[in-house]
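**Q** A structural model of the following input is requested.
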Amino acid sequence: MKTAFIKRPVNMLIAVNILAFSLLFFYRLPLNYQTLYVGGSILVLNVVTYGIIHFNRLGDEYFFLIVSMLVTIGVVMLCRINYALGIMQVGWYLLSICVFYTVYALYRYINIWHHFKWLYVGVSVLLFVVTQIFGETINGSKNWIIIGSQSFQPSEIIKILFVMYLACLFTQERDKKLFNISERYIAAFFTYIFMGFLILQREWGITLLFFVTYITLMYIYEDNKRLIALNLTAAALVGLVGASRLHHIQVRIQSWLNPWGDISNTGYQITQSLFAIAAGGFFGRGIGLGNPEFIPEVHSDFIFSAICEEMGIFGGAAVILLYFIFVYRGLKVALVLPDCFDKWIALGITIMFGFQTFIIVGGVIKLIPLTGITLPFVSYGGSSLVTSFISLGILQAISAKREGRA
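**A** Here you go, the predicted model:
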């Protein structure tokens, strides 16, 4: 009986949920019964959604198991930091699951998505222009659209459209031309246009994410190594010019190289992050026993630091391993597909999730300069969570198509 329990990952998910929210419930007096409501809601959403996927054979069930574990960890930490944020995240999670099923059905049963290459480009450019004109600046980046009491980042939607555009490009003839110009050069042009808009918005994390996703897919697809070398050279030159001419980039690089030199100002975020990780040690201080409130933007950019403080380096490593498994499952789905639109979509989404995780985790542990993007499925944020589940719905549908072919 014990062996059967261990062998079923959903039972492990249930056990982690109950243990984490129980610890959170008992850590402080008077007892806050909101913790039980939040924990119960997350548990029900996880189990019901997994059950629907499992019993209806809707594709690779491990995608959702991994994601639900990440969401559970994120909600636990958000409730620990601010109950209001935790409760709102549950609401976003419910909406995200509804969006997940909708996208799954649309992508699996409608097979015309590879015909809309220029629509993806046009909508992306439109969203960039709208953001540039009507966007609001929050935390130094002009990448937010505020409608009433709600705000969202159009760049989160553009990430998906960008991958779909590249997938369209890679499934057509290699030598196809538009206005006597090879479309591979047109793709490079639009990639740099997108990156230019992001630079204007001071959204450096998404800029880097776009480039590494583009260059990785080009490396896999492209026979012309000269084009790849030109892209890398151009990116290096732009980076050098930015680092030498733009003050805010210089500040970020300086705070990365020596945050201790201005610990009360530009180096405050990264030093508090490092202090929190060090305070957690290997096994953590315990859920509810740390001081994540000392870290600015801990609910979004620095939630990984809070996890390491209260769950330890081993807890942080476990979160990273979950992302590794997710990327492995995504690549496994993509590699067995023939050279088609689904293959490149699966590769693009998987690569983007992998690099996004590396960029944010690398930033908070001082491996690379801080860029200010969210940790997928864990950080607080409605637009981030919903668009992540849109990508997950596409990946889930592709895995179901693959199993149908098998």
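**Q** okay, CA-based contacts and neighbour counts for the rest of this
**A** Noted.
**Q** can you tell me the helix or strand for residue 160?
**A** Residue 160 is part of helix 154-170, with elements assigned from DSSP states H and E.
**Q** elements contacting that helix?
**A** helix 117-134, strand 141-147, helix 183-200, helix 204-221, helix 341-364, helix 382-405 (3 or more CA pairs under 8 Å, 6 or more residues apart in numbering; DSSP states H and E).
**Q** can you do 6 Å?
**A** Judged by 3 or more CA pairs under 6 Å, 6 or more residues apart in numbering; DSSP states H and E, helix 154-170 is in contact with helix 117-134, helix 341-364.
**Q** what's the most buried one of the ones you listed?
**A** Most buried of these by mean neighbour count (mean count of other CA atoms under 10 Å) is helix 341-364; its value is a mean of 23.
**Q** hmm, back to that, could you export the helices and strands packed on helix 154-170 as JSON lines, including distance to residue 46?
**A** Listed next are the helices and strands packed on helix 154-170 as JSON lines, based on distance: least, CA to CA, whole Å:
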{"stretch": "helix 117-134", "distance to residue 46": "32"}
{"stretch": "helix 341-364", "distance to residue 46": "21"}
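**Q** for the helix holding residue 160, C-alpha coordinates in PDB please.
**A** Taking C-alpha atoms only, helix 154-170 is exported to PDB below (Å, rounded to 0.1, in the frame of the first residue of the first chain):
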ATOM      1  CA  PRO A 154       0.900  42.800 -23.300                       C
ATOM      2  CA  SER A 155       4.400  41.400 -23.600                       C
ATOM      3  CA  GLU A 156       3.200  38.200 -22.000                       C
ATOM      4  CA  ILE A 157       0.800  37.600 -24.900                       C
ATOM      5  CA  ILE A 158       3.400  38.700 -27.400                       C
ATOM      6  CA  LYS A 159       5.700  35.900 -26.100                       C
ATOM      7  CA  ILE A 160       3.200  33.300 -27.300                       C
ATOM      8  CA  LEU A 161       2.600  35.100 -30.600                       C
ATOM      9  CA  PHE A 162       6.300  35.300 -31.200                       C
ATOM     10  CA  VAL A 163       6.800  31.600 -30.800                       C
ATOM     11  CA  MET A 164       3.800  30.900 -33.100                       C
ATOM     12  CA  TYR A 165       5.300  33.200 -35.800                       C
ATOM     13  CA  LEU A 166       8.600  31.400 -35.600                       C
ATOM     14  CA  ALA A 167       6.900  28.000 -35.800                       C
ATOM     15  CA  CYS A 168       5.100  29.200 -39.000                       C
ATOM     16  CA  LEU A 169       8.400  30.300 -40.400                       C
ATOM     17  CA  PHE A 170      10.200  26.900 -39.700                       C
END
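**Q** got the angle between it and helix 117-134?
**A** Angle of helix 154-170 versus helix 117-134, following axes from the mean of the first three to the mean of the last three CA atoms, to 10 degrees, is 160 degrees.
**Q** avg pLDDT for helix 154-170?
**A** The predicted model gives helix 154-170 an average pLDDT of 91.
**Q** equivalent analysis for stretch 206-220, please.
**A** The predicted model assigns stretch 206-220 a mean pLDDT of 90.
**Q** for the residue nearest to residue 348 when sequence neighbours are not counted, give its distance to residue 392.
**A** Once flanking residues are discounted, residue 348 sits nearest to residue 163: 5.6 Å by CA to CA, 6 or more residues apart in numbering. Separation of residue 163 from residue 392 (CA to CA, to the nearest Å) stands at 13 Å.
**Q** thinking again about what came up before, any idea of the angle the helix holding residue 160 forms with strand 141-147?
**A** Interaxial angle of helix 154-170 relative to strand 141-147 (the same axes, to 10 degrees): 110 degrees.
**Q** and the helices and strands packed on helix 154-170 as a markdown table, adding distance to residue 230 and mean pLDDT?
**A** Putting those into a markdown table (distance: least, CA to CA, whole Å; pLDDT from 0 to 100) gives the following:
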| stretch | distance to residue 230 | mean pLDDT |
| --- | --- | --- |
| helix 117-134 | 23 | 91 |
| helix 341-364 | 21 | 93 |
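**Q** between the ones you listed, which gets nearest to residue 95?
**A** Nearest of the helices and strands packed on helix 154-170 to residue 95, taken as CA to CA: helix 341-364 at 20.4 Å.
**Q** number of nearby residues for the nearest residue to residue 125 once chain neighbours are set aside?
**A** In space, and not counting its chain neighbours, residue 125 is closest to residue 194: 7.5 Å by CA to CA, 6+ apart. Residue 194 has 21 neighbouring residues, counting by other CA atoms under 10 Å.
**Q** do the same with residue 275
**A** Residue 275 has 14 nearby residues by other CA under 10 Å.
**Q** ok, the one 10 residues further on next?
**A** Residue 285 is flanked by 18 other residues according to other CA under 10 Å.
**Q** model confidence score at residue 78, please.
**A** In this prediction, residue 78 has a pLDDT value of 92.
**Q** got it, and residue 406?
**A** pLDDT, read off for residue 406, is 45.
**Q** what separation do you get for the residue nearest to residue 125 and residue 361?
**A** Distance from residue 194 to residue 361, by CA to CA: 24 Å.
**Q** same thing with residue 382?
**A** For residue 382, the distance to residue 361 - CA to CA - is 20 Å.
**Q** residue 190 too?
**A** Distance from residue 190 to residue 361, by CA to CA: 28 Å.
**Q** with residue 195 instead?
**A** Taking CA to CA, one finds residue 195 at 22 Å from residue 361.
**Q** is residue 137 in a helix, a strand, or coil?
**A** strand (DSSP: H, G, I helix; E, B strand; the rest coil).
**Q** next one: stretch 66-78 to chain centre, how far?
**A** Distance of stretch 66-78 from the chain centroid (CA atoms, centre = their mean, to the nearest Å) equals 13 Å.
**Q** now do that stretch: everything it contacts.
**A** Counting contacts by CA atoms under 6 Å, 6 or more residues apart in numbering, the residues outside stretch 66-78 that touch it are 85-86, 377-378.
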